[in-house]
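Asker: build me a model:
(one chain, ligands or ions: 1)
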Amino acid sequence: MSPVEKHLPFPYSYADWKQRAKQAIDREAFTYVASGAGSEQTMKANEEAFNRWRLLPQVLTDVTHRDMSVSLWGQAMATPFLLAPIGMQGIVHPDGELASARAAKALGVPFIASTVSTFTLEQIASELGASPHWFQLYWSNDMDVTKSLVQRAEAAGYSAIVITVDTALLGWRERDLSTGYSPLKLGMGSANFFHDPVFREKLTKPPEVDRKAALEHLLNIVFHPGLTWGDLASLREITPLPILLKGVLHPDDASLALDCGVDGLIVSNHGGRQLDGAVAALDALQPVCDIVQNRIPVLFDSGVRRGPDVIKAIAMGADAVLLGRPYIYGLAAGGEAGVRHVLQHLISDIDVSLALTGKRTIRELNRSVIVKSNAHD
Ligand code: FNR
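Answerer: Presented below is the predicted three-dimensional model:
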């Protein structure tokens with residue numbers, strides 16, 4: 001148990017978790033998680049956007065029995081939220097993704113493992129067992145490596161592939177540039193690559209012998225700025241798993257995604273870490289849903305902090321949301337137990353918020369329960 005874990009009980013509010021995380025880990029790692037790109041305008045706008053919408057509850061609807069499960073492609077999920085792919089969790093806690101995965105499993109929350117995790121996708125999958133898990137793909141500019149990662153994910157039991165498409169290049173993150181800290185460059189996100197047989201074949205010496213050269217090679221191939229819509233078909237040939245695109249904001253891109261036959265979208269601006277000045281993710285949600293018209297699931301992230309945020313995003317048309325920074329602060333402050341508390345609190349908050357909105361199920365939420373607030377116009 002870390003010194004911070006002794007300070008139980010855990011807090012409830014997001015601000016308190018964030019503060020607890022700040023106390024628990026070193027400044028560079030905390031800054032890496034907490035910061036956004038540029039002036040952080042978009043990062044702040046993500047949370048502010050939720051304040052511009054208010055819930056319009058209905059009363060006397062008998063909410064004794066409630067159910068917060070949702071269904072994606074006919075598969076039931078116990079909660080209307082999943083854990084967002086967050087790379088390099090080892091920078092905030094030694095057990096990293098393994099601790100988060102254990103907490104997710106304990107509460108039945110689906111887990112999305114990042115390509116640049118501290119542990120391998122196989123290690124994470126073995127913690128999760130039968131608990132639902134998806135794999136997030138950074139599509140490498142080396143197609144052989146990309147193919148190998150996807151095939152390994154499929155073999156390890158991941159049931160969907162999330163391609164992150166808002167990272168043609170890494171965002172201009174001023175605060176990280178100031179601290180000079182880059183966990184990717186330090187090799188914190190290298191496990192999946194260094195254990196990959198195809199990646200290893202391309203090195204003159206294995207990573208155990210020449211780590212520096214292996215890391216350099218990884219940094220050269222991890223992003224793929226040349227990726228286009230036309231490339232998506234090649235992934236479809238490799239895997240029968242559902243393919244989602246994460247990081248879509250423009251309604252025209254939603255149309256293109258439908259044309260390409262993708263199976264789901266995640267409306268997201270990467271928590272404001274990529275394009276500073278980009279639209280708040282919540283403001284992009286309704287236009288995307290209007291294009292998609294329920295033909296494929298639309299998920300949402302960037303700024304989800306509390307139960308009412310989940311209710312608002314789903315009422316606008318999302319099928320489910322992804323939780324990002326809040327669970328990482330839980331991990332930093334208290335390891336597996338910290339994540340478990342964050343998730344348990346969110347589950348309870350969603351349950352209460354659903355009931356007080358006058359609904360029994362997530363399915364019943366629609367745009368009639370949200371109104372734009374005049375206060376901020
Ligand atoms: C991320 N995110 C991210 N996304 C992704 O597709 N692959 C990744 O490896 C990571 N890594 C990552 C690290 C850290 C420290 C953060 C904070 C975020 C983005 C993540 O999946 C999600 O889109 C955002 O976290 C949503 O914003 P909020 O709600 O956390 O502010």
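
Asker: how many other residues sit next to H65?
Answerer: Applying other C-beta atoms under 10 Å, we find 7 residues neighbouring H65. For the C-beta atoms, the positions are set from N, CA and C on the backbone; glycine is no exception.

Asker: which other helices and strands contact the host helix or strand of I124?
Answerer: Per DSSP states H and E: I124 is located in helix 121-128. Under the contact definition 3 or more C-beta pairs under 8 Å, 6 or more residues apart in numbering; DSSP states H and E, helix 121-128 sits against helix 96-107, strand 111-113, strand 133-137, helix 143-155.

Asker: export those as JSON lines, with columns for distance to the ligand.
Answerer: Listed next are these as JSON lines, based on distance: least, C-beta to the nearest ligand atom, whole Å:
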{"stretch": "helix 96-107", "distance to the ligand": "10"}
{"stretch": "strand 111-113", "distance to the ligand": "7"}
{"stretch": "strand 133-137", "distance to the ligand": "5"}
{"stretch": "helix 143-155", "distance to the ligand": "13"}
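
Asker: please identify the deepest-packed of those.
Answerer: Scoring the helices and strands packed on helix 121-128 by mean neighbour count under mean count of other C-beta atoms under 10 Å gives strand 111-113 as the most buried, with a mean of 27.

Asker: what lies in contact with it?
Answerer: With contact meaning C-beta atoms under 8 Å, 6 or more residues apart in numbering, strand 111-113 is reached by 82-85, 97, 100-101, 104-105, 121, 124-125, 128, 131-136, 158, 162, 322.

Asker: ok, now stretch 280-288?
Answerer: In contact with stretch 280-288 (C-beta under 8 Å, 6+ apart) are residues 42, 45-46, 48-50, 53, 248-251, 254, 265, 267-269, 298, 300-303, 312-313, 316-318.

Asker: filter those residues down to the buried ones.
Answerer: Buried subset of the contacts of stretch 280-288 (neighbour count, 16 or more other C-beta atoms under 10 Å): 42, 45-46, 49-50, 53, 248-249, 251, 254, 265, 267-269, 298, 300-303, 312-313, 316-318.

Asker: list the buried residues in the helix or strand containing A355.
Answerer: Secondary structure from DSSP H and E places A355 in helix 325-357. Buried residues in helix 325-357, defined by neighbour count with 16+ other C-beta under 10 Å: 325-347, 349-351, 353-354, 357.

Asker: just stretch 285-292 next, same as before
Answerer: L285, Q286, P287, V288, C289, I291, V292.

Asker: the contacts of stretch 280-288 also near the ligand: which ones?
Answerer: Among those, the residues that sit close to the ligand (C-beta under 6 Å from any ligand atom) are N46, S268, D301, S302, G303.

Asker: how about the strands in the chain?
Answerer: Counting by DSSP state E, one finds strands in the chain at the ranges 53-55, 70-72, 75-77, 81-83, 111-113, 133-137, 161-164, 243-248, 264-267, 298-300, 320-323, 370-372.

Asker: right, and the ones you listed - which one's nearest V63?
Answerer: Among the strands of the chain, the nearest to V63 by C-beta to C-beta is strand 53-55 (14.1 Å).
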